[in-house]
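Peer 1: starting from these lines, generate the structure:
(one chain, ligands or ions: 2)
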Amino acid sequence: MSASTRRIVVETSGLKASPLTPPVSKSDAQRALVLGHLTGSWPLPSVQAESDEDLPADVRVLRRGVEALRLPAGPVRDVDCADGGAPFRILATQVAVTPGARVRLTGTPRLGERPHGPLFTSLKDALGPAGLTLTEGHPWPVELAAPTDTSSVTPVFRVPGSQSSQYASSLLLGCAALYLRERRAWSVDIEGTLTSAGYLDLTLTWLERFGFELQKSASRYTVSGYTPPPSVPTLPGDWSSLGYLLLVAWKAGGTVERADAASAHPDQAILRLIEQVGLTTEPASGAHVLKVTGRPAGGLRASGKECPDLLPTLAALACVLPEPSTLTDVGILRLKESDRLEGIRDLVTAYGGKAELKDDTLLLTPPSTPPARFEMDSRGDHRLAMTAATLSVLSGVTLVLTGPECVEKSFPGFWRQLIRSGVRISASP
Ligand SMILES: O=C(O)C1=C[C@@H](OP(=O)(O)O)[C@@H](O)[C@H](O)C1
Ligand SMILES: C=C(OP(=O)(O)O)C(=O)O
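Peer 2: Residues are numbered from 1 along each chain as shown. Ligands and ions are numbered 1, 2, ... in the order given. Okay, the predicted model is just below:
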């Protein structure tokens, strides 16, 4: 259940065409903040340029963590990672590779439940011989004391790829820090199949943008050089957030802004998936502005290996398509801010559709008749809250939503954007 008991009514009968804007991409910003810190671009201009009220909470967490690492060595510093999986995992490695750093990391109970063991083991195996200590509470705090000299250890991290790509991304960002300090190549060996591989590619893209030289052989990624880039890279809009906004814009006849095709974010897959169901995305006037037109002609098929964070959004779309849809490789969804696989099943069922899980595949069948209204508890999970609201917009069916404020994590302005499109939000009696 959601930690919050606040309930809102989302009513979507008065939609109007408006330009809709996503926030900055949290995944891009987290990587850029770490690399800006390591390479002397601090504060990072393109994060400074964002208004504070629109900055995703996870970006603020990562920034606070880096600020703690930039303080002179001294007492143990406390950093609250709230609900941020990537910020927590990225920061754990950055603490471990910052000479003499001592940091106590805490977070929500749910973040504490999510898996981190393989990352901690990897850090201890590689840096323990140099003096790294990492102690875990139950589950909090996680306290790290970093060694002052790592130059004599074997420069390789080994980590399994199956649970989360964030372990490998975090370690590669650690390799960048270690390369800069020691001027020797550092590697990450990924054991087994890598899930959410597009997010590791995103990390590699950011390393290159910031001037790092990379090598790949078999399952080993190596940071082997650094040349400062001519300018500090800037940040794109968030394709995960654009997923909701493109669907809202389609329904309301509006446009989306900040849809930067040069972004390496895996959720840009939304464009292909929208086309797959028979809709068309077209450039509208202005840079990076798009509109969506057409009528859906069939169901969709998407994989949690490619774009895990889009699957809830796609489940909302699936509820209004003329044919059933298939989501594959859905197990990864159990490890997110909530058990999103259960969340998707509950949403589709609350809307009157069918969600059948077989092995690792979810078959979604839209209802023959939509309900008069539907109810959903966000369970404190931003993507479930935004997905439920998107379904309300797509279907015109009123939603009663418990726990709407969790959108802060990735998209603090989400409700404001919906209101721009004519959605009415009121407190539930
Ligand atoms: O590296 C990242 O920024 C992310 C990687 C993905 O997680 P997993 O690799 O754990 O699937 C994704 O779901 C998450 O929202 C952000
Ligand atoms: C899973 C997500 O983020 P994280 O893992 O960083 O908490 C998400 O934003 O959907």
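
Peer 1: shaky segments in the protein?
Peer 2: 1-3 (pLDDT under 70).

Peer 1: the longest helix along it and ligand 1 in contact?
Peer 2: Criterion DSSP state H: the longest helix present in the chain is helix 165-182. Yes - against ligand 1, helix 165-182 shows contacts by C-beta under 6 Å from any ligand atom at 165-166, 169. For glycine as for every other residue, the C-beta is placed from the backbone atoms N, C-alpha and C.

Peer 1: top of the residues you listed by neighbour count?
Peer 2: Ranked by the number of neighbours (other C-beta atoms under 10 Å), the residues of helix 165-182 next to ligand 1 place residue 169 first, at 28 neighbours.

Peer 1: how is the most far-flung residue of the chain relative to its centre assigned, secondary-structure-wise?
Peer 2: Within the chain, residue 152 marks the point farthest from the mean C-alpha position, 35.2 Å out by C-alpha atoms, centre = their mean. Assigned with DSSP: H, G, I helix; E, B strand; the rest coil, residue 152 falls in the coil class.

Peer 1: surely it meets residue 127?
Peer 2: No - look at residue 152 against residue 127 with C-beta atoms under 8 Å: they stay out of range, at 11.2 Å.

Peer 1: quick check: phi and psi on the nearest residue to residue 367 once chain neighbours are set aside?
Peer 2: Nearest residue to residue 367, sequence neighbours excluded (C-beta to C-beta, 6 or more residues apart in numbering): residue 352, at 3.4 Å. The phi/psi pair for residue 352 (degrees, to the nearest 10) reads phi 100, psi 0.

Peer 1: wait, residue 352 sits on residue 371?
Peer 2: Yes - using C-beta under 8 Å, residue 352 is in contact with residue 371, at 4.8 Å.

Peer 1: more neighbours, the two?
Peer 2: The neighbour comparison of residue 352 against residue 371 (other C-beta under 10 Å) goes to residue 352, with 17 against 14.

Peer 1: I'd say residue 114 and residue 338 touch.
Peer 2: No - with contact defined as C-beta under 8 Å, residue 114 and residue 338 do not form a contacting pair (10.2 Å).

Peer 1: between the two, who's got more neighbours?
Peer 2: Neighbours were tallied for residue 114 and for residue 338 using other C-beta under 10 Å; the higher tally belongs to residue 338 (23 against 20).

Peer 1: near ligand 1, which residues of the stretch 1-150 of the chain?
Peer 2: Residues of the stretch 1-150 of the chain found near ligand 1 (C-beta under 6 Å from any ligand atom) are 27, 86.

Peer 1: now do the helices in the stretch 1-150 of the chain.
Peer 2: Ranges of helices in the stretch 1-150 of the chain, per DSSP state H, counting those that start in this stretch, are 26-39, 45-48, 57-70, 85-96, 109-113, 117-127.

Peer 1: OK, contacts around the residue nearest to residue 367?
Peer 2: For residue 352, the contact set (C-beta atoms under 8 Å, 6 or more residues apart in numbering) comprises 367, 369-371, 374.

Peer 1: buried stuff in the longest helix of the chain?
Peer 2: Buried residues in helix 165-182, counting neighbours by 16 or more other C-beta atoms under 10 Å, are found at 165-181.

Peer 1: which bits of the stretch 201-350 of the chain sit near ligand 1?
Peer 2: The stretch 201-350 of the chain comes close to ligand 1 at residues 308-309, 332, as judged by C-beta under 6 Å from any ligand atom.
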